[in-house]
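Student: how would this look folded up:
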Amino acid sequence: MRRDTQGQGHGTALLKYVEAELRISGQRLLLVETSGSPNFERTRAFYAKCGYEAEARIRDYYDVGEDMVIFRKALSSDNDGGQTDERNEVMNITTPNQQLPVNWEAVADRFCEAWTSSIGKPNFDTLGEMYARDEDVIIYDTLPPLNGFRGFDDLRTSIYEGLASMTTELRGNVTVRALANGEVIVTSYPFHLSYRFDDGRHYEIDARITEVWEKRGERYVIVHEHPSTIYDPPK
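Tutor: Numbering: from 1, shown residues only. The predicted model follows:
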């Protein structure tokens, strides 16, 4: 990917699309080779994030001191957490921030990246493209208010007062269900949230988020979402 397009989910979308097509055709493994030099550290980290393991290293392959690193990923359905409908992940539709065949895991990655911040607020510009702007859309969060936020603009102006930083990380497979002939998509996946506030409060939360996407024109937007987490009562 060109440097000016990196970090936007396009590489992940392309890779997941290839994986899905290989699974559909009955392939078991995917091997990827790249350089072991420090200049390719970001590339190696990308493959590791996508579930690849460093399987082998051939010393001095490209040049003296520059090894080849071979990454391996099993493509069996069990490796991806069950009988996922691969066609749901690669439907030829357009989603926010993505002009490629859809891979909902890449969309989830993009969503989590937008909810990660070290400056006290999420990336509302990106999120504003993902959420429907209807006033009657209710958005729930893992932190108060219990009744959620009425519309994206309400969330944008009132969420996380005193927030110092937050991290949102995808922690598992994305479950995808297409409803109403593809006019509605329901996604669900586990994620981890970390919040730090200026007053010293700190929260670590493991949860699962469910999002309902509605097709409007040539894109999908979130019309409902809610996170679920397990309550651990004090002993």
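
Student: Who are the packing partners of the lengthiest helix in the chain?
Tutor: In the chain, taking DSSP state H as the definition, the longest helix is helix 10-24. When contacts are defined as 3 or more CB pairs under 8 Å, 6 or more residues apart in numbering; DSSP states H and E, helix 10-24 packs onto strand 29-35, helix 86-89, helix 104-114. Where you see a C-beta, it was placed from the backbone N, CA and C, and this is true even at glycine.

Student: dump the residue contacts of Tyr160.
Tutor: Taking CB atoms under 8 Å, 6 or more residues apart in numbering, we find Tyr160 in contact with 120-121, 143, 166, 195, 197.

Student: Tell me, how many residues neighbour the residue lying closest to Cys50 once chain neighbours are set aside?
Tutor: Nearest non-adjacent residue to Cys50, counting by CB to CB, 6 or more residues apart in numbering: Leu15, 5.8 Å away. As a burial measure, Leu15 scores 21 neighbours (other CB atoms under 10 Å).

Student: sorry, back to before: most packed of the helices and strands packed on helix 10-24?
Tutor: Among the helices and strands packed on helix 10-24, ranked by average contacts under mean count of other CB atoms under 10 Å, first place goes to helix 104-114 (a mean of 23).

Student: okay, the angle between that one and helix 10-24?
Tutor: Angle, helix 104-114 to helix 10-24, by axes from the mean of the first three to the mean of the last three CA atoms, to 10 degrees: 160 degrees.

Student: Follow the chain on from helix 104-114 and name the next helix or strand.
Tutor: Using DSSP states H and E, the next helix or strand after helix 104-114 towards the C-terminus is helix 124-130.

Student: just how off-centre is that next one within its chain?
Tutor: Averaging C-alpha positions (CA atoms, centre = their mean, to the nearest Å) puts helix 124-130 14 Å from its chain's average.

Student: That helix: which residues count as buried?
Tutor: Neighbour-count burial for helix 124-130, counted by 16 or more other CB atoms under 10 Å, picks out 124, 126-127, 130.

Student: same check, this time on stretch 217-231
Tutor: Applying 16+ other CB under 10 Å to stretch 217-231 flags 219-227 as buried.
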